[in-house]
Structures are given as structure tokens and as C-alpha cells.
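Q: requesting a structural model of the entry that follows:
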Amino acid sequence: MGRTLSSITQVFLQEQAAFARFRRALRREDQHALDDLFVSARQHLAAVSYAAHALPFEVFLLSMLLEEHKEVIRLRQMLEDLQHQRK
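A: As a prediction, this is how the structure comes out:
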């Protein structure tokens, strides 16, 4: 019989659990920021499952980066809108 592979959700939860000691060593505000990053990564689990060629944690990091970049784009747009309103 073949070997059963873990689902991407199981892999994600295992990776998140592996950082539990690291998380506990952080200041409270940094713990919240790290939690937010893991929430960002979790939003992309369906897409992560298609990136079988990469290491799962690398794709989780890319998912986190994607969400952070979307926030930067949103904030830039808000800033531009405010600048145009002042003119």
C-alpha cells in the first residue's frame, strides 16, 4: 500500500505548532503580529496545495508576504486619494 500524505491543512498546523516556543519568546505585541501572519497564510491554503514542488513553509511565507503587500498597496492608494483631496 502507498503512503498517505498529510493534507495541506495538517502540514500548516504542524508548521504553526513548530513555532510555538518561538512565539512564546516574543513580546505580546509581536505574538499578535505573528498570529496575524499565520492567519494570512491560512487564507491561501487552497493555493498552497497546488505548489507541490516547493517546501510548504516557503509557500506559507509567500502567502504571508502576499497579504502584507496587498496591505501596502491599499495604504498607498489611500495616501494618494488623500493627497488628491488636498489639492
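
Q: show me the shaky parts of the protein.
A: The chain contains residues with pLDDT under 70 at 1-3.

Q: go with 90
A: In the predicted model, the chain carries pLDDT under 90 at residues 1-7, 49-56, 87.

Q: longest helix anywhere in it?
A: Once the chain is assigned using DSSP state H, the helix that runs over the most residues is helix 56-86.

Q: what packs against it?
A: The helices and strands touching helix 56-86, judged by 3 or more CB pairs under 8 Å, 6 or more residues apart in numbering; DSSP states H and E, are helix 8-18, helix 28-42, helix 45-48. C-betas here are computed from N, CA, C, even on glycine.

Q: swap in 6 Å and give it another go.
A: Helix 56-86 is packed against helix 28-42, with contacts defined by 3 or more CB pairs under 6 Å, 6 or more residues apart in numbering; DSSP states H and E.

Q: hang on, the earlier thing: chain center to the longest helix of the chain: distance?
A: 13 Å (CA atoms, centre = their mean, to the nearest Å).

Q: go on, stretch 78-87?
A: What separates the centre of stretch 78-87 from the centre of its chain is 30 Å, taken as CA atoms, centre = their mean.

Q: so what's Ser63 closest to, chain neighbours aside?
A: Sequence neighbours aside, His44 is the residue nearest to Ser63 in space, at 3.9 Å (criterion: CB to CB, 6 or more residues apart in numbering).
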